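[1] here's a sequence, model it:
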Amino acid sequence: MWRSAGLVFFCVSGALPGLFAQKAKVDTVLQIREVTVSAGRLAGAEAPALYQIIDTNELRPPGMRQLAQLLAGGSGWYLKNYGPGGVQSPSFRGGNSAQTSLQWAGWELNSPLTGQADLSTIPAAFIDRVAVSPAGAVELQQLPVQAGDPAFTFSQEFGSFGLAGFSGAWKTGRPHWDQSTSVLWQGARNDFLVDYPGVTPRRQPHAAFRQTACTHRQRWRPSPRSEWTLLSWFADQQRQTPPTLLQQRSAAEQADRQYRISAETLRSMGVFTGQAAVAWLGEEFHYADSLIDLDSRSRTDQWRARASLQWGLAPRHELRGGLEGGYTRAHSTEYFQATDRRQLTARLRYHWHSSDGFWNLRATGKQEWVDGRAMPAGADLTLNTQRFNHTWSLYLFRAYRLPTLNDWYWSPGGNPELEAETSWGASLGWHYRRPASIWQTARLELFHRMTDDWIIWLPAGSIWTPENLRQVWSRGLEAGLTFGRETTHWSWQSQWRYSLILATNRQTEHPNDASLHKQLIYVPRHRAQADLTLGFGQWSLSGAAGATGRVYTLNDHSAHLPPTLLFDLDLQYRQKRGKLQGQFYLQLFNLFDQHFQTVAGYPLPGRHFRLGWHWQIR
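    From the prediction side, this is the model:
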């Protein structure tokens, strides 16, 4: 309790100057500088034309939704959901959750212990925009305050199974500085009805969840050529782990806390632009289960620094080089002793565009050393061309993923000799955009990725240990269409998305590996989504349908989750009075009360609702 109160107090204190300065208006337009998505675990250079961009301002009100719900609407994603309030881990285009890099302010948020990022700990209300690269790097963007942004926002929400929560934000903008602060609290009992064949009907026990979080962004611009930015993000999650469908009871509980602070400076010097940043990323994890007398605690601290210099060689040529260093310290009851990791990364990027703006080329090289040992080199190339309303994009990359600290040091079973995964791949995309017509946008993308030395944990006697055993080939396509029409009094819009993902194990060194030449577990081949929104005056009604094909849960395909087809409804009413804008909404999920799971043994709720309101003062 005191920790949560302290986190909120820190954010509120940082925003006090903005609260006392609200009387004056923003008298200048604050420009957003270009956002660069750094190379991730299996990512290379940024390829804007192939990015999936999710603007949360277009999805307002976000309510108590998490990042997982935002990504679920995009192409190529499968989210493993362990129940309301539970862990939510992503899979992108056939990769596992450790191969998806979650980034904030250019720093990677994946846990050094597990390599994964729990999307249930990221509130959608804290994010302005999400950019997803073709290789699966997810950049969380918190943008500077702009003229016209609401000064205050407040949301409150209630729902099924004891859900209640609120979020608030306040922003201030001046010619030389701006700040934004957001806070959130939510909780739920999550005692939904579990009524599956072969299972005694019951209310889901021991499934409560509570989250407190806040974030603060402060930017100073002492001159047109320099800029300083300070970011902080703190969160506390307390959750109970409910029993699976095969268990009668559970006493497991989990507590997660994240502490993140980043400071960055940017200075322009003629044809040169210098950038430097430092960060501290801390994470605590506590898991306890009195039924099996288990009490596991871990903590990681990461100190990181980077510097880069950008040089405008010529009007259409740009060269950028940089270094990034990091030190990670980890303590865990599952390790013999505290462990650490030292990293040094060098990057070089070249960017060119044609004089007519129709061609754009970007190439990046990367070399990293971990504890003095050179990792495989990474490189990528992006080529975009635009003609009229059509954009063609080609993206090639070679990258790698480091073993996690658990892979190396878990006791018993860690393997210090484990090698990094390496991968190479390509994406070819076509985009069509014509906003003035009923057929507004169209998108088709083909992708391919081959991953060598895939890391997998296998039993060695009574002890599980990780090995580099597999070669995995992921390939497929994604397609999307957007239709719409708007008149003075009414409007309609419809989006259609489809993805085909074939992810198979091409070769293995394990003689009993039943996954050889088979689709990977928890990677559905087919996913399709469609939605329709009707607007009339201040009212809007949206309907969404999502279909997921068969999901295998065992390597030999002897067990699987059945295909699912889910429907949701969303009714909204908007009201505006001067500077005050209000929005009321009622959301119905799983409209036809379908039984479904995304992870075997972890049931998800049937029909349920959320009711909320969202206010803005400009």
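[2] element containing the residue nearest to A460 when sequence neighbours are not counted?
    Residue nearest to A460 in three dimensions, not counting chain neighbours: G413, with 7.7 Å by CB to CB, 6 or more residues apart in numbering. Heads up, the C-betas are built off the backbone N, CA and C, glycines and all. No secondary structure element spans G413, as it lies outside all helices and strands (assigned by DSSP states H and E).
[3] flag the shaky bits of the protein, pLDDT-wise.
    Along the chain, the model assigns pLDDT under 70 to residues 1-49, 57-64, 75, 147-148.
[4] coming back round to it: do I have it right that the residue nearest to A460 meets T465?
    Yes: with contact defined as CB atoms under 8 Å, G413 reaches T465; the gap is 4.3 Å.
[5] common neighbours of those two, please.
    With contacts defined as CB atoms under 8 Å, 6 or more residues apart in numbering, the residues shared by G413 and T465 are W457.
[6] W107: neighbouring residues, count only.
    21 (other CB atoms under 10 Å).
[7] quick check: it vs F126, distance?
    For W107, the distance to F126 equals 15 Å [CB to CB, to the nearest Å].
[8] repeat for L444
    32 Å.
[9] same question, W303
    Where F126 is concerned, W303 sits at a distance of 23 Å (CB to CB).
[10] equivalent analysis for E445, please.
    29 Å.
[11] assign a three-state SS to the nearest residue to V278 once chain neighbours are set aside, would you?
    Nearest residue to V278 in three dimensions, chain neighbours excluded: A305, at 4.7 Å (CB to CB, 6+ apart). A305 falls in the strand class when you classify it by DSSP: H, G, I helix; E, B strand; the rest coil.
[12] how deep is the residue nearest to R434 when sequence neighbours are not counted tucked in, by neighbour count?
    Ranked by CB to CB, 6+ apart and with sequence neighbours excluded, the top spatial neighbour of R434 is N389, at 5.0 Å. Using other CB under 10 Å, N389 has 14 other residues around it.
[13] list the buried ones in stretch 379-391?
    By 16 or more other CB atoms under 10 Å, the buried positions in stretch 379-391 come out as 379-384, 386, 391.
[14] ok, for S332, nearest residue in space, not its chain neighbours?
    If you skip the residues right next to it in sequence, S332 has S298 as its closest partner in space, 3.9 Å away by CB to CB, 6+ apart.
[15] hey, what's the one you found bridged with?
    With DSSP bridges as the criterion, the beta-bridge partners of S298 are F285, S332.
[16] quick check: L458 touching T465?
    Yes: using CB under 8 Å, L458 is in contact with T465, at 6.9 Å.
[17] those two - which one has more neighbours?
    When L458 is set against T465 and neighbours are counted by other CB under 10 Å, the residue ahead is T465, at 16 against 13.
[18] a strand runs through the more buried one, doesn't it?
    Yes: with the criterion set as three-state DSSP, the secondary structure at T465 is a strand.
[19] would you confirm that it contacts E417?
    No: in this structure, T465 is not within contact of E417 by CB under 8 Å, at 10.5 Å.
[20] OK, contacts around Q538?
    Applying CB under 8 Å, 6+ apart, we find Q538 in contact with 573-575.
[21] got those as JSON lines, with neighbour count, secondary structure and distance to F92 columns?
    Compiled in JSON lines, the contacts of Q538 are given as follows (neighbours: other CB atoms under 10 Å; DSSP: H, G, I helix; E, B strand; the rest coil; distance: CB to CB, whole Å):
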{"residue": "Y573", "neighbour count": "14", "secondary structure": "strand", "distance to F92": "36"}
{"residue": "R574", "neighbour count": "15", "secondary structure": "strand", "distance to F92": "34"}
{"residue": "Q575", "neighbour count": "12", "secondary structure": "strand", "distance to F92": "39"}
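[22] and of these, the nearest to W77?
    Checking those against W77 by CB to CB gives R574 as the nearest, at 29.3 Å.
[23] what's near enough to touch the closest one?
    Contacts for R574 were tallied using CB under 8 Å, 6+ apart; they are 538, 540, 581-583.
[24] repeat that for E486.
    E486 touches W492, counting by CB under 8 Å, 6+ apart.
[25] 10 Å instead, please
    E486 sits next to 492-493, 535 when contact means CB atoms under 10 Å, 6 or more residues apart in numbering.
[26] A98 belongs to a strand, doesn't it?
    No: assessed by three-state DSSP, A98 does not belong to a strand; its assignment is helix.
[27] excluding chain neighbours, what is closest to it?
    The spatial neighbour of A98 that comes closest, neighbours along the chain excluded (CB to CB, 6+ apart), is G115 at 3.5 Å.
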